Every structure is written in C-alpha cells, then in structure tokens.
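In: sequence unknown, structure follows:
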C-alpha cells in the first residue's frame, strides 16, 4: 500500500506569502520522481498557523530516494529555493514535523457522481 507523508510547517502570518511563493517556484520538482503519487500544499484558514504539505508515495523506499536525491538538492539552493529557507534567505517556517501514515483504505468518487 501507499504511504503518506505530511510535513507540518508552522508559518508566522508575515511569512505565508513567502512560503507559498517558494513552493510555487519549485512547481514540477517532485512530479517526475519514481514512486511519487500526489502532492498538495494546504493553507490554514482558521485556528492554526500550520501549513500541511501532503505527499503520497508508492512506498517508503521511493520517498527516501527522493529525500536523498532531488529534494536534498532543491533544499540546498538547487531548485529555486526551499520552502523553509535557502539561497541566502531565512526560513519561512519556524518549525517542522513530518507525520507518516500507511494508506489502509481509500475511496474515489463514482463516475458521474457529484461535481
């Protein structure tokens, strides 16, 4: 089964635009990675200052290969700057945690349902 990695980033309100800009500047950086299945950057609307970076991977090995290769390069200034810092800029996030989950059930909309 697939695994989900959720990077929980604490982002002060004055850094929100910068964080989103940094992610936008790296659009496309993860999509061609072997084992990559999905990405979403989730902006908080109320009650928290934490962004969630949701990625889904075929397995832990695919995630670790991305972490030690393309992600590491991008976060060291090679991919347009990193969400948490890089390229001579301070971090946009003040804290970060990574949560890992295994997908044990899933559902998708039925064809023709909703919209």
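Out: Sure thing, it's come through. All figures in this text were calculated on a predicted structure; none of them were measured in a lab.
In: alpha carbons only for contacts and neighbour counts from here, please
Out: Will do.
In: Which of the helices or strands spans the closest residue to residue 15 other than its chain neighbours?
Out: Leaving aside its chain neighbours, residue 15 sits nearest to residue 92 (5.4 Å; criterion: CA to CA, 6 or more residues apart in numbering). Of the helices and strands defined by DSSP states H and E, none includes residue 92.
In: you'd agree residue 92 is up against residue 9?
Out: No: counting by CA atoms under 8 Å, residue 92 does not reach residue 9; the two are 9.0 Å apart.
In: The two - which one has more neighbours?
Out: Between residue 92 and residue 9, residue 92 has the larger neighbour count (other CA atoms under 10 Å), namely 24 against 21.
In: which element is residue 6 on?
Out: strand 3-10.
In: and the gap between the residue lying closest to residue 33 once chain neighbours are set aside and residue 31?
Out: The spatially closest residue to residue 33, leaving aside those adjacent along the chain, is residue 66, at 6.7 Å (CA to CA, 6+ apart). Noted for residue 66: a distance of 11 Å to residue 31, by CA to CA, to the nearest Å.
In: Comparing these two, which shows the higher neighbour count?
Out: Taking other CA under 10 Å, residue 66 and residue 31 do not tie; residue 66 has more neighbours (19 against 12).
In: Wasn't that one part of a helix?
Out: Yes: counting by DSSP: H, G, I helix; E, B strand; the rest coil, residue 66 is located in a helix.
In: where does it sit relative to residue 44, distance-wise?
Out: 26 Å.
In: All the strands of the protein, residue numbers only.
Out: 3-10, 36-42, 50-57, 95-102 (DSSP state E).
In: Now render the ones you listed as TSV, adding mean pLDDT and distance to residue 113.
Out: As requested, the strands of the chain are exported to TSV (pLDDT from 0 to 100; distance: least, CA to CA, whole Å):
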stretch	mean pLDDT	distance to residue 113
strand 3-10	96	26
strand 36-42	95	22
strand 50-57	96	24
strand 95-102	94	27
